[in-house]
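K.L.:
Dropping a prediction and its sequence here:
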Protein chains: 2
Amino acid sequence: MNFQQLVTARHSAVNFIKDFVMTEEDFKNIFDLTKTAPSAFNLQYTNYLVIMDEGKKERVRELNFNQYKIHTASAVVIVMGDREGANRENAEKIYGPMKMLKMMDEVDYDTTMKTIENFNAELQKNPANFDVEIMRNAGLHAMLFMLSAKNFGFDTCPMHVHNIESLRKEFNIPANLEPVMMIAIGKSVDKERPRGYRKPVGEFVQFNSY
Amino acid sequence: MNFQQLVTARHSAVNFIKDFVMTEEDFKNIFDLTKTAPSAFNLQYTNYLVIMDEGKKERVRELNFNQYKIHTASAVVIVMGDREGANRENAEKIYGPMKMLKMMDEVDYDTTMKTIENFNAELQKNPANFDVEIMRNAGLHAMLFMLSAKNFGFDTCPMHVHNIESLRKEFNIPANLEPVMMIAIGKSVDKERPRGYRKPVGEFVQFNSY
């Protein structure tokens, strides 16, 4: 499918075909495209917890206003940002291999490490800024996830995530990972349906100044 | 170009061909695809200020660490979230036409309005939550913008936005619009370059629980 067809075909699914099974291989294909998403300093904060297990998925449903689409979806995917994503250890994991492969030299490496250190220090000072930073990266990532899913024939619906502390306990989510969104995924019951009203471009885009 | 090729071809551009002119028509094409992005309750918070004017673009550059890529880009696009995006008036603008076109009935309309009212009241209570909400929607939107740009042959680079209050004054950005990201856009000088290291899927995806 070309890009324009794919973008036009993607809708938020409201109901999924119950008992349609997705495999880890399906998710691997989707994530192999998703991982090309850009991120601040290429730090790749965004993590995912994919819940396919029927019983566990029902538990997510209970924690999220009992939404029916979680029940019929093949899986529910928790999108999370890593609060330790900009620390030295993680930065070295990303840039170490690039230095080794001579994609960057020593000087460039040291400058980049210093820049990230300052960036991280700023973020750690203000948790509210860090929440926004995590969300910025996860938002970009999650859109690419949904489009990649559609590319492999799967439908999605992005959702808010609720009762985060209960969710954390239930699934042993590490303290550094912050759930910021959920995505229900599977095969949509509706083949086609009219898209919700969208504002014309002139209403949300302005040129040069207001 | 099919989706997989497009996603693989998209890189954050580090340098653009100076003096390559993009037109409002180019942007209209890009935004016509971008507007299909999902948003919370379809409220479409995300707004854009496209700065193509050379002098104005240089002013954005000055306010953002003098970054060279803003100088060579055809335009710099300020991505913003609308703090009034979930209020009654905006909700009516989105759902009014759907009621009129009988895409939803009176009862459905009233329930939706009530749900959005409660949602907005929660957000207005806590500005930090609202910042994250704005970012969630803008992140999804901005990724689709960058992919749509690539579909029409343009390269992009997402960037943090700095000195927001000076920027607001300079471009008369209304108080309700909150700049959350910038995207430099144009034609990349590099035809191809190696992608920065990406973590393998197993390092950022977990199945069923930790």
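P.N.:
Received the coordinates, thanks.
K.L.:
Centroid-nearest residue for chain A?
P.N.:
Nearest to the geometric centre of chain A sits residue A:142, at 3.2 Å (C-alpha atoms, centre = their mean).
K.L.:
hang on, isn't that one packed against residue A:156?
P.N.:
No: Residue A:142 is beyond contact range of residue A:156, at 9.2 Å (criterion: C-beta atoms under 8 Å). Every residue, glycine included, has its C-beta placed from N, CA and C.
K.L.:
who touches both of the two?
P.N.:
residue A:183 (C-beta atoms under 8 Å, 6 or more residues apart in numbering or on different chains).
K.L.:
hmm, back to that, looking at this, the residue nearest to the centre of chain A is in a strand?
P.N.:
No: looking at residue A:142 with DSSP: H, G, I helix; E, B strand; the rest coil, it is helix, so not inside a strand.
K.L.:
Tell me who's in contact with it.
P.N.:
By C-beta under 8 Å, 6+ apart, the residues touching residue A:142 are A:46, A:79, A:158, A:181, A:183, B:139-140.
K.L.:
excluding its backbone neighbours, what's nearest residue A:56?
P.N.:
residue B:208 (5.9 Å; C-beta to C-beta, 6 or more residues apart in numbering or on different chains).
K.L.:
The contacts of residue A:142 in helices, which ones?
P.N.:
By the criterion of DSSP state H, membership of the contacts of residue A:142 in helices covers B:139-140.
K.L.:
nearest to residue B:55, of the contacts of residue A:142?
P.N.:
Closest to residue B:55 out of the contacts of residue A:142 is residue B:139 (30.0 Å), distances taken as C-beta to C-beta.
K.L.:
That closest one - nearest residue in space that isn't next to it in sequence?
P.N.:
Nearest to residue B:139 is residue A:139, by C-beta to C-beta, 6+ apart, at 1.5 Å.
K.L.:
ok, residue A:134 to chain B distance?
P.N.:
8 Å (C-beta to the nearest C-beta, to the nearest Å).
K.L.:
now residue A:194
P.N.:
From residue A:194 to chain B the distance is 6 Å (C-beta to the nearest C-beta).
K.L.:
Tell me how many other residues crowd the nearest residue to that residue once chain neighbours are set aside.
P.N.:
The spatially closest residue to residue A:194, leaving aside those adjacent along the chain, is residue B:103, at 6.3 Å (C-beta to C-beta, 6+ apart). By the criterion of other C-beta atoms under 10 Å in any protein chain shown, residue B:103 has 16 neighbours.
K.L.:
so what's the closest residue to chain B within chain A scoring on pLDDT?
P.N.:
Chain A approaches chain B most closely through residue A:139 (1.5 Å), counting by C-beta to the nearest C-beta. Looking at residue A:139, its pLDDT reads 98.
K.L.:
For it, list the residues it contacts.
P.N.:
Contact partners of residue A:139, counting by C-beta under 8 Å, 6+ apart, are A:181, B:135-143.
K.L.:
just the CA coordinates of stretch A:177-196, formatted as PDB?
P.N.:
What follows is stretch A:177-196, C-alpha atoms only, in PDB (Å, rounded to 0.1, in the frame of the first residue of the first chain):
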ATOM      1  CA  LEU A 177       9.100   3.500  33.100                       C
ATOM      2  CA  GLU A 178       6.200   5.900  33.000                       C
ATOM      3  CA  PRO A 179       3.000   4.800  31.200                       C
ATOM      4  CA  VAL A 180       1.800   7.700  29.000                       C
ATOM      5  CA  MET A 181      -0.700   6.100  26.500                       C
ATOM      6  CA  MET A 182      -2.300   2.800  25.600                       C
ATOM      7  CA  ILE A 183      -3.000   1.400  22.100                       C
ATOM      8  CA  ALA A 184      -5.600  -1.300  21.500                       C
ATOM      9  CA  ILE A 185      -4.700  -3.400  18.500                       C
ATOM     10  CA  GLY A 186      -6.200  -6.100  16.400                       C
ATOM     11  CA  LYS A 187      -8.500  -6.500  13.300                       C
ATOM     12  CA  SER A 188     -11.300  -3.900  13.100                       C
ATOM     13  CA  VAL A 189     -14.800  -5.300  12.700                       C
ATOM     14  CA  ASP A 190     -15.700  -2.300  10.400                       C
ATOM     15  CA  LYS A 191     -14.100  -2.600   7.000                       C
ATOM     16  CA  GLU A 192     -14.700   1.100   6.300                       C
ATOM     17  CA  ARG A 193     -16.400   3.900   8.200                       C
ATOM     18  CA  PRO A 194     -16.700   7.700   7.700                       C
ATOM     19  CA  ARG A 195     -13.800   9.600   9.400                       C
ATOM     20  CA  GLY A 196     -14.700  12.000  12.200                       C
END
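K.L.:
pLDDT on it, on average?
P.N.:
91.
K.L.:
Then stretch A:71-79?
P.N.:
Rounded mean pLDDT across stretch A:71-79 is 98.
K.L.:
can you give me the end-to-end distance of that stretch?
P.N.:
18 Å (C-alpha to C-alpha, to the nearest Å).
K.L.:
wait, does it make contact with chain B?
P.N.:
No: Stretch A:71-79 does not reach chain B (C-beta under 8 Å from any C-beta of the partner chain); its nearest approach is 9.0 Å.
K.L.:
And stretch A:80-99, how far out from the chain middle?
P.N.:
Relative to its chain's centre, stretch A:80-99 lies at 18 Å (C-alpha atoms, centre = their mean, to the nearest Å).
K.L.:
Where does the residue nearest to residue A:105 when sequence neighbours are not counted sit, in terms of helix or strand?
P.N.:
Excluding its sequence neighbours, the residue lying closest to residue A:105 (C-beta to C-beta, 6+ apart) is residue A:99, at 7.7 Å. Using DSSP states H and E, residue A:99 maps to helix A:88-100.
K.L.:
Which helix or strand lies directly C-terminal to that helix?
P.N.:
By DSSP H and E, the next helix or strand past helix A:88-100 is helix A:106-125.
K.L.:
Tell me the helices and strands packed up against that next one.
P.N.:
Applying 3 or more C-beta pairs under 8 Å, 6 or more residues apart in numbering or on different chains; DSSP states H and E, we find helix A:106-125 packed against helix A:88-100, helix A:127-151.
K.L.:
hey, which of those helices is tucked in deepest?
P.N.:
helix A:127-151 (a mean of 23; mean count of other C-beta atoms under 10 Å in any protein chain shown).
K.L.:
could you check the angle helix A:106-125 makes with it?
P.N.:
110 degrees (axes from the mean of the first three to the mean of the last three C-alpha atoms, to 10 degrees).
K.L.:
Tell me the helices and strands packed up against the lengthiest strand in chain A.
P.N.:
Determined from DSSP state E, the single longest strand within chain A is strand A:177-186. Packing contacts for strand A:177-186, counted by 3+ C-beta pairs under 8 Å, 6+ apart, involve helix A:68-72, strand A:75-82, helix A:127-151, strand A:155-159, helix A:164-170, helix B:127-151.
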